[in-house]
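> This is a predicted model, with the sequence first.
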Amino acid sequence: MLIRLQFKDRGKKRRFLSLVCFLTILGRPVFSESTEFQKASDPIFSSDRSKRNPQSPTYKPMFQIPLWGDPYWQSFHGQQDKYRKAWEESVENDPTKLAQVQQKDGAKDDPKEGKSTSKSSNPDEEDWETALQKEVDSQQKQQKKFENSRNTTSPTQINPLTADRSVQNLMMDVMTAVDMVGQWDKNKPQTTSNSFDVREAEFGMFGAIDQFGRGTLLVAAHNEGGRYYFEIHEANILFPFLSKYVNVKLGRFFLDVGRLNRIHRHDWNFTFAPIVHQRLLDTEAVEDTGAEVSILFPFWKKMTTELVLGATNGRYWGHTHTAGVNKNNPMMYAHLKNFIYLGNNWGLQFGATGMRYEIDPVTKSVRYQYGLDSVVRWNQSMLKSFILMSELWYRENRYPDKLDPISFVRSPIPMETFWGYYVFLDYQFHQQWSIGYRYDFFNVPNLRDKNGSIARNAVEGNTVQLTYKPSEFSYIRASTERRYTADFSSETGNPEFVDWRYYIQATFILGSHPAHKY
């Protein structure tokens, strides 16, 4: 049935159409949730002006609804409304009517009349659009503070302005890593233990302490000669937000020197450390207690540069179960790292390290050690990957001149020098399989025989390995090493020796393991 309404007065017609449009808009659903839920979860509707709940479902406020493109609105104010169109044209063409309309609109907004419709009569009620915009601006300003900074992508990182401190502290990651190694040889004398043991079990907890720092605790029980020693590997606090480009670490940690030293043993790409690492650093890592500062230099667009400066107690070198000897000077080190993205998932990182260590506070003998490290990596998602890694180390042990008690003549003590390097290549040809090769070399340049002549010496290793990795939480690795040892400083025994060693390694991780650095 068609009903046609006729209005002699145009004012009544306009008021009738406006009423129909208003009722139509009220009759359609505006929010995606109930109004009561929005009142309880959003500051726009709440009276206490609390922060927006980040867990509340998203919805579309009324001011974001495109009314002019809505079919409900177009049904009354579209192109088919010939009466409204004619009225607008008549107002625009007649200056008298246009002045009357503007005068009426001005009277409605006149504050002297006390009938203003643009502002609320309640002075305590703030414009909700202004409040929302202030909140958005505050969040964007806070996010800009953490752009290009470290540790903002970890799963426990929370916005410090809006996070509940107690909840943030409870979001702690816990992990356990078990590393089992079997080694065998048929050399005489034997060069391995010919056994299969749990080499190390490491337990770790790490997470956000509060809005300023992140804590790490790694405790390990490792096997030494059939006996397990329980000790702290790392216990430190990191302050990542002192500046956008500076963070500070305090406590006990693996020193950030070279490429391999800061990586824990169960995360290595091979079963045993390279020969130069075992001789000049430790069987696992040089660890100590002190402070470490990391500085990013955002000066180059195509290269990222980081400088690490550290100072520790320096009571011992490497790993020990004692407190060491008190020293006059701490152990100091610096590590400069540079990263370049080569494109197509290729990346290059290279660096240089310098260390100073006081060997004996009485004789004032000092150790200087320098290193170069580099790594080239490529990956194709999780299907294929390639890594080429290398380190070179050089050490000098300097001793003071020796004083003759009779003639009081000082004679210099020869400086001890050591150097070596390794090159490691690993190619993942399948999602779960990879094959690798490592070459090791170590030499003592000033090693002398009993006659004082330079003695030829070297240690050389060639290792081939195959790794099966069913997931990121476990792997099984089998490797074979051929090691050549030459030492002509002694006339007893065979100066040259070749031995073969066979290893099998099985490692698994429980819990949430932190992301590995590049």
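Everything's here; your move.
> who's in contact with Ser490?
Neighbouring residues of Ser490 by CB atoms under 8 Å, 6 or more residues apart in numbering: 449-450. The C-beta positions use only the backbone N, C-alpha and C, and glycine is treated the same way.
> before we move on, what SS does it have?
Applying DSSP: H, G, I helix; E, B strand; the rest coil to Ser490 yields a three-state assignment of coil.
> measure it to Asp267 for me?
38 Å (CB to CB, to the nearest Å).
> just for this protein, where's the confidence low?
Residue ranges of the chain with pLDDT under 70: 1-14, 20-126, 145-170, 516, 518.
> Helices of that one, residue ranges please.
Assigned by DSSP state H, the helices in the chain fall at 10-27, 35-41, 71-77, 82-93, 95-108, 128-145, 165-170, 275-280.
> which residues touch Leu383?
By CB under 8 Å, 6+ apart, the contact set of Leu383 is 428, 430-431.
> Kindly report the same for Leu281.
Shown in contact with Leu281 (CB under 8 Å, 6+ apart): 258, 261, 273, 318, 393.
> Most neighbours among the residues you listed, please name it.
Ranked by neighbour count (other CB atoms under 10 Å), the contacts of Leu281 have Gly258 at the top, with 27 neighbours.
> do you know how far that one is from Trp393?
From Gly258 over to Trp393 (counting by CB to CB), the distance is 7 Å.
> Between the two, which contacts overlap?
By CB under 8 Å, 6+ apart, the residues touching both Gly258 and Trp393 are 277, 281, 371.
> Show me which of the contacts of Leu383 are buried.
Taking 16 or more other CB atoms under 10 Å as the criterion, what is buried in the contacts of Leu383 is Gln428.
> Format the contacts of Leu383 as a markdown table; extra columns: distance to Tyr475.
Shown next, in a markdown table, are the contacts of Leu383 (distance: CB to CB, whole Å):
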| residue | distance to Tyr475 |
| --- | --- |
| Gln428 | 11 |
| His430 | 13 |
| Gln431 | 13 |
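> which of the contacts of Leu383 lies closest to Thr289?
Gln428 (37.2 Å; CB to CB).
> hang on, that closest one packs against Ser381?
No - between Gln428 and Ser381 there is no contact under CB atoms under 8 Å: 10.8 Å.
> and stretch 204-222, how far out from the chain's middle?
Relative to the centre of its chain, stretch 204-222 is centred 14 Å away, using CA atoms, centre = their mean, to the nearest Å.
> just the CA coordinates of that stretch, formatted as PDB?
C-alpha atoms of stretch 204-222 as PDB (Å, rounded to 0.1, in the frame of the first residue of the first chain):
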ATOM      1  CA  GLY A 204      67.200 -21.000  33.200                       C
ATOM      2  CA  MET A 205      64.700 -18.300  34.200                       C
ATOM      3  CA  PHE A 206      64.500 -14.900  32.500                       C
ATOM      4  CA  GLY A 207      61.900 -12.200  32.100                       C
ATOM      5  CA  ALA A 208      61.000  -8.600  32.900                       C
ATOM      6  CA  ILE A 209      61.600  -7.500  36.500                       C
ATOM      7  CA  ASP A 210      59.800  -4.200  36.200                       C
ATOM      8  CA  GLN A 211      59.600  -1.400  33.700                       C
ATOM      9  CA  PHE A 212      63.300  -0.700  33.900                       C
ATOM     10  CA  GLY A 213      65.100  -4.100  33.800                       C
ATOM     11  CA  ARG A 214      65.200  -7.700  32.700                       C
ATOM     12  CA  GLY A 215      66.600 -10.500  34.800                       C
ATOM     13  CA  THR A 216      68.400 -13.700  33.800                       C
ATOM     14  CA  LEU A 217      69.400 -16.700  35.900                       C
ATOM     15  CA  LEU A 218      71.100 -19.700  34.400                       C
ATOM     16  CA  VAL A 219      72.300 -22.500  36.600                       C
ATOM     17  CA  ALA A 220      74.100 -25.600  35.300                       C
ATOM     18  CA  ALA A 221      75.300 -28.900  36.500                       C
ATOM     19  CA  HIS A 222      78.200 -30.200  34.300                       C
END
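> quick thing: my sequence starts at 46, can you match it?
All right, first residue 46 from here; so that's stretch 249-267.
> Next, the buried residues of that stretch.
Residues 249, 251-253, 258-263, 265, 267 are the ones in stretch 249-267 that count as buried (16+ other CB under 10 Å).
> among the residues you listed, which are in strands?
Within the buried residues of stretch 249-267, residues falling in strands by DSSP state E are 249, 251-253, 259-263, 265, 267.
> can you redo these as a markdown table with distance to Arg422?
Listed next are those as a markdown table, based on distance: CB to CB, whole Å:
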| residue | distance to Arg422 |
| --- | --- |
| Gly249 | 25 |
| Phe251 | 24 |
| Gly252 | 28 |
| Ala253 | 29 |
| Arg259 | 26 |
| Gly260 | 29 |
| Thr261 | 25 |
| Leu262 | 29 |
| Leu263 | 25 |
| Ala265 | 27 |
| His267 | 29 |
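> Which of those sits closest to Asn502?
For these, the nearest to Asn502 is His267 (30.2 Å; CB to CB).
> how close does the nearest residue to the closest one once chain neighbours are set aside get to Arg455?
Residue nearest to His267 in three dimensions, not counting chain neighbours: Glu245, with 4.2 Å by CB to CB, 6 or more residues apart in numbering. Glu245 sits 47 Å away from Arg455, going by CB to CB.
> out of these two, which sits in the busier spot?
Glu245 (21 against 11).
> check contacts around the more buried one.
Glu245 touches 222-224, 265-268, 310-311, counting by CB under 8 Å, 6+ apart.
> can I get those residues in JSON lines with distance to Thr357?
Formatted as JSON lines, those follow (distance: CB to CB, whole Å):
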{"residue": "Ala222", "distance to Thr357": "24"}
{"residue": "Val223", "distance to Thr357": "29"}
{"residue": "Asp224", "distance to Thr357": "26"}
{"residue": "Ala265", "distance to Thr357": "19"}
{"residue": "Ala266", "distance to Thr357": "24"}
{"residue": "His267", "distance to Thr357": "21"}
{"residue": "Asn268", "distance to Thr357": "26"}
{"residue": "Arg310", "distance to Thr357": "20"}
{"residue": "His311", "distance to Thr357": "24"}
